[in-house]
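[1] show me how the following folds:
(one chain, ligands or ions: 1)
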Amino acid sequence: MRVDRHWSDKELEEMTEIDWRIFREDHNISFKGSKIPRPMRNWAESKLTTELLKAVKRAGYKKPSPIQMASIPLGLQQRDVIGIAETGSGKTAAFVLPMLTYITRLPPLSEENETEGPYAVVMATTRELAQQIEDETVKFAHYLGIKVVSIVGGQSIEEQGFRIRQGCEVVIATPGRLLDCLERRYCVLNQCNYVVLDEADRMIDMGFGPQVVGVLDAMPSSNMKPKNEDEELDENKIY
Ligand SMILES: Nc1ncnc2c1ncn2[C@@H]1O[C@H](COP(=O)(O)OP(=O)(O)OP(=O)(O)O)[C@@H](O)[C@H]1O
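    Numbering: from 1, shown residues only. This next block holds a predicted model:
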């Protein structure tokens, strides 16, 4: 009798549908949506760049967590993702790594475009959470030469606006403070097409909906992805 091997003993190309099902069950991964890519079983099989993989290694992350296994391949395809996982399960790196990959594909910031604002915005409900996200982002962004600025209450808004205008690819902010910064013209989002809402459900429950919409309204509407998720993205276009 031929006994099939466990998925962990198989090369990627040997994985069968049943292996993938067991893999997802083993990691408690479930999903909804169409054309969902396979989760990544380990970092080596992820499509992250060598530089980012080095940064992941330096951070000491030996194995991706289940939310990272499931959502990084989706993020790398520039799909819209709603990721749900318990606290402390590595959600931050799950959205930060695809976001940094997206940024490395864009033209580097230069004197010509650094005053047009960041390439990506992450919104968080509290100052403390924004700080945690900043720490986790800098851990990886540092090695790519990507600059990160946080816009939260309790610090000078003029100073924060000044730091954005000096050029940064990523802004991490609480929605109210970022909207304030935009309304006072301390910063702009003229080239930002990438948004992350951390704890989006809580953000709405806490009444930040109007501020989030205000921030989204400051972003360009010319680079929207097609409404139909099944439509292929144009590789030559920046979304
Ligand atoms: N693959 C990994 N291997 C080891 N440590 C990791 C990995 N991914 C993230 N971590 C670490 O685990 C901790 C928790 O991660 P993170 O803050 O992203 O969790 P979270 O799901 O966002 O939690 P919260 O809901 O509290 O914000 C952090 O210290 C982070 O550096």
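[2] what does this protein put close to the ligand?
    When proximity is defined as CB under 6 Å from any ligand atom, the chain approaches the ligand at 61, 64-65, 68, 85, 87-93, 132, 136. Where C-beta positions appear, they are placed from N, C-alpha and C, glycine not excepted.
[3] where do the helices sit along the protein?
    17-26, 50-58, 66-76, 91-104, 127-144, 157-165, 175-183, 200-205, 209-217 (DSSP state H).
[4] mean pLDDT for those helices: which is lowest?
    Lowest mean pLDDT within these: helix 157-165, at a mean of 89.
[5] before we move on, back to that, right, and the pair among the residues of the chain next to the ligand with maximum separation?
    Greatest spatial distance in the residues of the chain next to the ligand: 64 and 132, 19.0 Å, computed using CB to CB.
[6] just list the residues touching the spatially most central residue of the chain, thanks.
    In the chain, the residue lying closest to the centroid (CA atoms, centre = their mean) is residue 95, at 3.0 Å. Neighbouring residues of residue 95 by CB atoms under 8 Å, 6 or more residues apart in numbering: 71, 75, 81, 83, 122, 196, 198.
[7] burial count for the second one?
    Same thing as residue 75. Neighbourhood size, residue 75 [other CB atoms under 10 Å]: 21.
[8] does it touch residue 99 like I think?
    Yes. Taking contacts as CB atoms under 8 Å, residue 75 lies within contact range of residue 99: 7.3 Å.
[9] one step back: if you count surrounding residues, which of residue 64 and residue 132 has more?
    Counted by other CB under 10 Å, residue 64 and residue 132 do not tie: residue 64 has more neighbours, with 25 against 15.
[10] no further queries at this time; thank you.
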